[in-house]
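K.L.:
with the input below, show me the fold.
(one chain, ligands or ions: 1)
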Amino acid sequence: MAIYTCPGCGQQLDIPQPGLAACGHCRTQFHVQPLVAAQPIDPLHTPAEITVPLIISGVTNLLAGLAWTATCLGAIIGIPMLTLSIFEFRLYSKNGHIPAKKFSDSVGIIACFEIFAGFFNLISFVCAMVILLNRGKVR
Ligand SMILES: [Zn+2]
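P.N.:
Now for the predicted structure:
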């Protein structure tokens, strides 16, 4: 069962199987192409298992970076964390615009930095682990 648009009147029709079909509204006969069994996976779509921990890590590194920077000495830690969070946000915004494979390569590099940031931000560390575990899903 799939929804087709009648070429005669534009009505949305439920057609149970491919072949010759007739519209119940305007009686136009038309040929229904069989649908592809499975929708091909969008090569530009990176799985949420990777993008969600990336953005969580980005937000927490931003907040932790600001908190560390607010203390004078902490800027040594805070500024690299803020820089990392900018890279995390930038990469996150590329989801859907670059191939998932390329995204996965970039996220692998960022995850390494997240592990370092993890010494000062445990959430970033956990996110890095989730990203690295899920990277195998992108081929
Ligand atoms: Zn029709």
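K.L.:
check contacts around the residue nearest the centre of the chain.
P.N.:
The geometric centre of the chain, computed from its C-alpha atoms, lies nearest to Thr46 (CA atoms, centre = their mean), at 4.1 Å. Taking CB atoms under 8 Å, 6 or more residues apart in numbering as the contact definition, Thr46 lies against Asn95, Gly96, Ala100, Phe103, Ser104, Val107, Val138. (C-beta placed from N, C-alpha, C; glycine too.)
K.L.:
likewise for Cys112?
P.N.:
When contacts are counted by CB under 8 Å, 6+ apart, Cys112 touches Ala128.
K.L.:
okay, the helix or strand that it is a member of in PDB with CA atoms only?
P.N.:
In this assignment (DSSP states H and E), Cys112 forms part of helix 100-117. Extracted C-alpha coordinates of helix 100-117, given in PDB (Å, rounded to 0.1, in the frame of the first residue of the first chain):
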ATOM      1  CA  ALA A 100      28.500  10.700   6.200                       C
ATOM      2  CA  LYS A 101      31.900   9.100   5.500                       C
ATOM      3  CA  LYS A 102      33.700  12.400   5.500                       C
ATOM      4  CA  PHE A 103      31.700  13.500   8.600                       C
ATOM      5  CA  SER A 104      32.800  10.300  10.300                       C
ATOM      6  CA  ASP A 105      36.400  10.900   9.500                       C
ATOM      7  CA  SER A 106      36.200  14.500  10.900                       C
ATOM      8  CA  VAL A 107      34.300  13.400  14.000                       C
ATOM      9  CA  GLY A 108      37.000  10.800  14.700                       C
ATOM     10  CA  ILE A 109      39.600  13.600  15.000                       C
ATOM     11  CA  ILE A 110      37.300  15.700  17.100                       C
ATOM     12  CA  ALA A 111      36.600  12.800  19.400                       C
ATOM     13  CA  CYS A 112      40.300  12.500  20.200                       C
ATOM     14  CA  PHE A 113      40.300  16.100  21.400                       C
ATOM     15  CA  GLU A 114      37.100  15.400  23.300                       C
ATOM     16  CA  ILE A 115      39.000  12.700  25.200                       C
ATOM     17  CA  PHE A 116      41.600  15.300  26.300                       C
ATOM     18  CA  ALA A 117      38.800  17.700  27.200                       C
END
